[in-house]
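Colleague: Got a predicted structure plus its sequence, pasted below:
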Amino acid sequence: MSEPPADPPADPEDPIDAQVARWGLGRVFYLRRGFEIPVGRSVVRARVQVTAHGLYRLQLNGIRVGADELTPGWTDYRHRVEYQTYDVTALVRPGGNALGALLNGGWYAGRVGMDVLRAGNHYGRQPALLARLAVDLDDGSRFVVATDENWREATGPVRSSDLLAGEVWDLRCAVDDWDSPGNPAGRWTPVQIAGADTSTVVATSDEPVRVTQTLPAVAVSPLGPQRWLVDFGQNIAGRVALRIPPDAARRIVTLRHGETLDRGEVYTANLRGAQATDVVIVAPGEGCDFEPLFTQHGFRFVEIDGLPDEPTAADVRARVLHSDMAAAGEFSCSDVDVNQLMANVRWGARGNVVSVPTDCPQRDERLGWTADAQVFAPSASYLADTSAFYRRWLRDVVDGQSPEGSYPDIAPLLLFDRDGAPAWADGGVIVPWVLWKAYGNRRVLVENVAAMRRWVDFVHRHNPDLLWVNRTGNHYGDWLQVGAHTDRDVLATAYFARSTRILADSLSVLEAPDSDRYRDLAVDITAAFTRELLEPDGWIRGHTQTGQLLALAFDLVPADRRSGVFERLVADLESRDVRLTTGFCGVSLLCPVLSRFGRADLAYRLLHDNRYPSWGYSVSHGATTIWERWNGWTEDGGFGPVAMNSFNHYSLGSVAEWVFSGVGGVGQEIGSVGYRDLLIAPQVGGRLSWARTAYNVPHGRVATSWERTDAGLKLDVDIPVGSTATVILPAADGVQVREGGRNLEKRDDVTVVGATPAAIRCRIGSGSFTFSIGGAEHPPRGAA
Ligand code: BGC
């Protein structure tokens, strides 16, 4: 792309120009190319392949091509840029045609992350478009239009845009029909489309970002003359669509976005350097339908300045934007707070899957932090089909690996040139394994195993004594724990063991050599952990909940000492009146470990707690997403540290994994992949009288529904064709257990394979089953 012509000229007196200059917003280029299809021929097929260094939106004969947003998406552009393909057969016609594109710097040349000083240009300064339209005609000929010297560029009303700063429209620069055949008005100058491209262009491989939902305003209230506060009732990642009515005067309308309110005004202090402000300048006598194209904000509230009349609900709407993965899991139960928590987790997930998994969608960060991704990946995979999304992102993780073998803290890698930290860098090993377990596709291991091995070798090489104490990068420990300091060697060594074990398991799945060597290494790391970090009385060095959890969840202590380690965990919880101290890493292990060792009652107490710190605390204070920190806002201290206080981070929402697998009881046996061999083990407890869970596994739908009745417990289970299941029925010794109204012994499709004083274990195949425990009577299957 050539240097942009200074059109319209920057006027320091003009508020819009001043704003553009102050924030360094990236220009939006209008590009077009007219072409002729021979008259008399008809179009059999037309396909366009398109990508950009930056973000593009394609138009053909005045009509938008596709409905994807923020294309071509964010990848590590130094290694790879993705292209999209659209079928445009219906849009091309004999005679004159025009291909148009809007182009902006986006992640490529705009501002990304905490780069106030750098102001963009992470990959290059100039955005560029690469497109190829192939039109097949009925005489067998093919007509091709590609990006070449025949394109023209101009300036139009969408003047500038930036993912962090916002978008500016100046309707004084309107260029009518710029994307239609003919000679549009405006100054169209030849454009130099960037020639040699050093990065690889590959087909897009996951679901595009799309507008997936439109939310109406739930409240509009005046803030002052021409100033309105709009509440959408939900914190989202997306943008606002606003109808601006015509008006006699020239009007500048400003939209400032924020996640919450402070004394009745939109709170923006936590956005740091992200201005999150859109501006529309409307010519006298004109109105417009505004909706930004190349920016995205994290918000629940928007302050609109410059509208004389209150916007109606139809005038102002919030558009939810994220990678459009298919929903997979559903959960509901009898407790409204737990339902709200799960809604918050889901919204937190939706707000943080915008092309790559991000930490947050609102402030000047929005980066692919690898620990956030690995702790949340199991929960995310219950909520949606993440298989393509994470698999694509893992290529960026591998591309970010250092020559020495260290995975990065963030992917796509930007800003940092340092070793990855424990639990962060390990995401490069853990996420492929989560995908393999959830979807059973070996490809993900094939694609990642070499990098996994380089990573484990890197840590091992620098830590021959097997405690991971060297080359720990920017060791974050158990990030954002409260009132506890988990020993960093404990956390690092635990992850070293876990990554090594996953590597050994991956190699054995792939029947690759060296699996035994890494399994032995994992055993040795585990022995070192026990020797150096497990104290005689069952405490793990540092004496924190997270330390105990890591040891138990990652199986780092000998079987005969596990109960001691677990007792210390319970003692710690009880000494705090059952309150958690865990940060990002520990929290994902908390409820699963309590359940696994027989104290689901404590997991439920934590789930139902609404005192600080707890999940319920944010719920009871009106949260609609998961907060970054337990103390995002507290009654005592107000807003948490402003330098880092997002209200839409998903990490602490990793409890969803336990809600699905524990409360709902939808999980799989240890050796199973792709949910072929299910483990249906609902933890009936807490305040819940019923819970319903459904989950789309790769080959069908698993569902459980349990309800406590006066007589006992009723449990409905649906197992898809292609799966078998072990069901753990919480039936105490001597309690009557039936399926389909008949005693279990009388059923040939239910095989009892074991029993303890508290539970019966049975095996079933696919189908629908209704178990009753404790005498609840239900009609036999097939009966009226
Ligand atoms: C991010 C986190 C991330 C962390 C690293 C923060 O600024 O928001 O989610 O994992 O930095 O400690």
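Modeller: Thanks, I have the structure now.
Colleague: who in the stretch 301-450 of the chain is up against the ligand?
Modeller: Within the stretch 301-450 of the chain, the positions near the ligand by C-beta under 6 Å from any ligand atom are Asp359, Cys360, Glu365, Trp369, Ala371, Asp372. Every C-beta, even on glycine, is put in place using the N, C-alpha and C of the backbone.
Colleague: Identify the residues contacting the closest residue to the second one other than its chain neighbours.
Modeller: Excluding its sequence neighbours, the residue lying closest to Cys360 (C-beta to C-beta, 6 or more residues apart in numbering) is Ser646, at 3.9 Å. With contact taken as C-beta atoms under 8 Å, 6 or more residues apart in numbering, Ser646 is in contact with Glu259, Asn270, Gly298, Asp359, Cys360, Gln362, Arg363, Glu365, Trp627, Glu628, Gly632.
Colleague: Buried ones in the helix or strand harbouring Leu261, by neighbour count?
Modeller: Leu261 belongs to strand 260-262 when assigned by DSSP states H and E. Buried residues in strand 260-262, counted by 16 or more other C-beta atoms under 10 Å: Thr260.
Colleague: Now tell me what touches that strand from outside.
Modeller: Leu229, Asn235, Tyr267, Ala269, Arg300, Phe301, Trp633, Phe639, Phe647.
Colleague: which residues touch the next helix or strand after that strand?
Modeller: Downstream of strand 260-262, the next assigned helix or strand under DSSP H and E is strand 265-267. Applying C-beta under 8 Å, 6+ apart, the set of residues contacting strand 265-267 from outside is Leu223, Leu229, Arg256, His257, Gly258, Glu259, Thr260, Leu261, Phe301, Val302, Glu303, Phe639.
Colleague: In helices only, show me the residues of the stretch 301-450 of the chain next to the ligand.
Modeller: When DSSP state H is applied, these are split such that Ala371, Asp372 fall in helices.
Colleague: burial measure for the residue lying closest to Val684 once chain neighbours are set aside, as a count.
Modeller: Leaving aside its chain neighbours, Val684 sits nearest to Pro730 (5.6 Å; criterion: C-beta to C-beta, 6+ apart). By other C-beta atoms under 10 Å, 22 other residues sit near Pro730.
Colleague: Ala314 touches Arg243, doesn't it?
Modeller: Yes: using C-beta atoms under 8 Å as the test, Ala314 is close enough to Arg243 to be in contact (7.3 Å).
Colleague: Looking at these two, which one has more neighbours?
Modeller: Arg243 (15 against 9).
Colleague: Show me where the chain dips below the pLDDT cut-off.
Modeller: Residues of the chain meeting the criterion pLDDT under 70: 1-25, 115-120, 192-199, 775-784.
Colleague: need the longest strand for it.
Modeller: strand 227-244 (DSSP state E).
Colleague: now that strand, how far from the centre of its chain.
Modeller: In terms of C-alpha atoms, centre = their mean, to the nearest Å, the centre of strand 227-244 is found 21 Å from the chain centre.
Colleague: Check which helices and strands it sits against.
Modeller: Strand 227-244 is packed against strand 209-216, strand 219-224, strand 251-258, strand 277-282, strand 288-290, strand 297-305, strand 316-323, helix 336-351, with contacts defined by 3 or more C-beta pairs under 8 Å, 6 or more residues apart in numbering; DSSP states H and E.
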